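[1] kindly generate the corresponding structure for this input.
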Amino acid sequence: MALWNDKDSPTTGATPAARSNTVADLAPRNADKPAETASDAARRAPRPEAKESLIAAELTIEGKIQGAGNVRLAGRFKGDVHVDGNVSIDPGAHIEGGVQAHSVVVGGELTGNIDKARHVDVLQSGVVIGDVKADTISVAAGSRMRGHVEFGWGEGSAPRLVSNRGSGQGT
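    Numbering: from 1, shown residues only. Okay, the predicted model is just below:
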């Protein structure tokens, strides 16, 4: 089957190979639908699993980290971290800024708030100076924290009210 239209072929003896055979030339002509671009193909391609991005121990960075994937911080970082994934702060790391992630593991020092986390794990070497809001939290003996902590109040959870009826108190 030919990839060109014989009606468009010159009758002067030129071969089809002499014509420009770009993707646009070979694509079927459809006035209702524009030709596919490289970005369209990239969007349709299956995405690989989220990889871990690393800020190495020897690095000092200032800015903002935002996106999907896991982040491991081993160096110094000043700025906010907002990821659709997990954040791990290695022992010896110093982070100054807010963190929003599914799961946060603090083995180094974090000066800033942790917000909207499903789980926070503060390791024995971990230091948190700031407020923590998470569904669950575990704090190892020897770790240090200074700030307000709220956990167990996931979305949709209502506070449990304790009634004093029958206790002889109240009106």
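
[2] which SS state does A57 fall under?
    Here A57 is coil, with the state taken from DSSP: H, G, I helix; E, B strand; the rest coil.

[3] how many neighbours does it have?
    14 (other Cβ atoms under 10 Å). (Glycine included, C-beta is placed from N, CA and C.)

[4] try G92
    G92: 13 neighbours (other Cβ under 10 Å).

[5] may I have the beta-bridge partners of R146?
    I129 (DSSP bridges).

[6] check what pLDDT it gets.
    Per-residue pLDDT puts R146 at 97.

[7] surely it touches V128?
    Yes. Using Cβ atoms under 8 Å, R146 makes contact with V128 at a distance of 7.4 Å.

[8] the two: who's more crowded?
    V128 (27 against 10).

[9] grab the nearest non-local neighbour of that one.
    M145 (4.7 Å; Cβ to Cβ, 6 or more residues apart in numbering).

[10] ok, that neighbour to I55 distance?
    23 Å (Cβ to Cβ, to the nearest Å).

[11] more neighbours: which of these two?
    Neighbour count, other Cβ under 10 Å: between M145 and I55, I55 has more, with 21 against 17.

[12] quick one: contacts for that one?
    With contacts defined as Cβ atoms under 8 Å, 6 or more residues apart in numbering, I55 is in contact with 61, 71-75, 77, 93.

[13] try 10 Å
    Residues near I55 by Cβ atoms under 10 Å, 6 or more residues apart in numbering: 61, 65, 71-77, 81, 89-90, 93, 95.

[14] all helices of this structure, in order?
    23-26, 38-44 (DSSP state H).
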